[in-house]
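> got a sequence here, can you build the structure:
(one chain, ligands or ions: 1)
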Amino acid sequence: MDAIDALMTRRSYSRGSLLQPAPNRAELAQILQTAMTVPDHGNLKPWRFVVIQGQGMKDLEGLLRSIYDGEVENEEYFQRFIEEIINTPMMICVYSSINQDTRVSVLDQQLAGAAACEHILLAAHAMGFGGIWHSQETDDALRQMLQMGEEDQVLGVISLGTPKRTSLAKRKSFVDYTFEWNQEDGLQPWK
Ligand SMILES: Cc1cc2nc3c(=O)[nH]c(=O)nc-3n(C[C@H](O)[C@H](O)[C@H](O)COP(=O)(O)O)c2cc1C
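Here you go, the predicted model:
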């Protein structure tokens, strides 16, 4: 698949629609190496990748139960939520690893990490896999589990696997989101 095709055809797949196989170790190494190529102010590589699959995925059940302990109102719904997660073929948790000894802003460092998330999704897609990016609150349990620093934030939890069926959901046109600017005319809609 060429690069433009990969960009144009990537879609998100719900966790429940991602089946085995997940990328194997060599494929995953290639995917993660593409994430190391993102634009990165100061070349700080201010992110970490934590791969969870197999036993790690099963172990998440206990962790999720401890995080939501006492907050679960509907056990049946919660059990379905847990099962959807632990049946996901693979997850890559991407968190920011903020470098304090730099003039590069925390935002720039987080944006570079977000670009890494997108590279993971795109590379996986180009190799025939599907994925989805989920946001995840960075609570204390997660911080401890992933040995994250105080300033670090989870930027995305990327689920990967093989999609049940290919999605080609329609895209909006860039035209409605794009303007041209010059001093005399100010902002003008793209024509
Ligand atoms: C920062 C970020 C966080 C996201 N978090 C969630 C999420 O928590 N739950 C979810 O279903 N999708 C999440 N998504 C995925 C979007 O829902 C998805 O990209 C969007 O529906 C567009 O679909 P597409 O990727 O196929 O274009 C997230 C995407 C981004 C960029």
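
> the longest strand anywhere in the chain - contacts with which helices or strands?
In the chain, assigned by DSSP state E, the strand with the most residues is strand 154-163. On a contact count with 3 or more C-beta pairs under 8 Å, 6 or more residues apart in numbering; DSSP states H and E, strand 154-163 meets strand 18-19, strand 90-96, helix 106-126, strand 130-134. Quick note: C-beta positions are derived from backbone N, CA and C, even for glycine.

> any chance of the ones you listed in TSV, with mean neighbour count too?
Putting the helices and strands packed on strand 154-163 into TSV (neighbours: other C-beta atoms under 10 Å) gives the following:
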stretch	mean neighbour count
strand 18-19	20
strand 90-96	24
helix 106-126	20
strand 130-134	21
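
> so which of these comes closest to residue 74?
strand 130-134 (20.3 Å; C-beta to C-beta).

> what does the closest one contact?
11-15, 17-18, 117-118, 120-121, 124-125, 156-163 (C-beta atoms under 8 Å, 6 or more residues apart in numbering).

> let me have the helices and strands packed on strand 154-163 in CSV, extended by distance to the ligand and mean pLDDT.
CSV is the format used below for these (distance: least, C-beta to the nearest ligand atom, whole Å; pLDDT from 0 to 100):
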stretch, distance to the ligand, mean pLDDT
strand 18-19, 12, 98
strand 90-96, 10, 97
helix 106-126, 7, 98
strand 130-134, 4, 98
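
> could I have the CA atoms of the longest strand of the chain written out in PDB?
Extracted in PDB, the C-alpha atoms of strand 154-163 (Å, rounded to 0.1, in the frame of the first residue of the first chain):
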ATOM      1  CA  VAL A 154      -1.400   8.700  29.000                       C
ATOM      2  CA  LEU A 155      -1.800  10.000  25.400                       C
ATOM      3  CA  GLY A 156      -3.500   7.100  24.000                       C
ATOM      4  CA  VAL A 157      -4.300   3.400  24.400                       C
ATOM      5  CA  ILE A 158      -4.000   1.900  20.900                       C
ATOM      6  CA  SER A 159      -5.800  -1.400  20.300                       C
ATOM      7  CA  LEU A 160      -4.600  -3.400  17.400                       C
ATOM      8  CA  GLY A 161      -5.800  -6.600  15.700                       C
ATOM      9  CA  THR A 162      -7.300  -7.800  12.500                       C
ATOM     10  CA  PRO A 163     -10.600  -6.100  11.600                       C
END
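
> can you give me the mean pLDDT across whichever helix or strand comes after it?
Next helix or strand after strand 154-163 toward the C-terminus (DSSP states H and E): strand 179-182. Computed over strand 179-182, the mean pLDDT rounds to 98.

> for residue 147, find the nearest of the helices and strands packed on strand 154-163.
It's strand 90-96; of the helices and strands packed on strand 154-163, that one is closest to residue 147 (C-beta to C-beta) at 9.9 Å.

> what's the angle between that closest one and strand 154-163?
160 degrees (axes from the mean of the first three to the mean of the last three C-alpha atoms, to 10 degrees).

> residues from this structure in reach of the ligand?
11-12, 132-135, 156, 169 (C-beta under 6 Å from any ligand atom).
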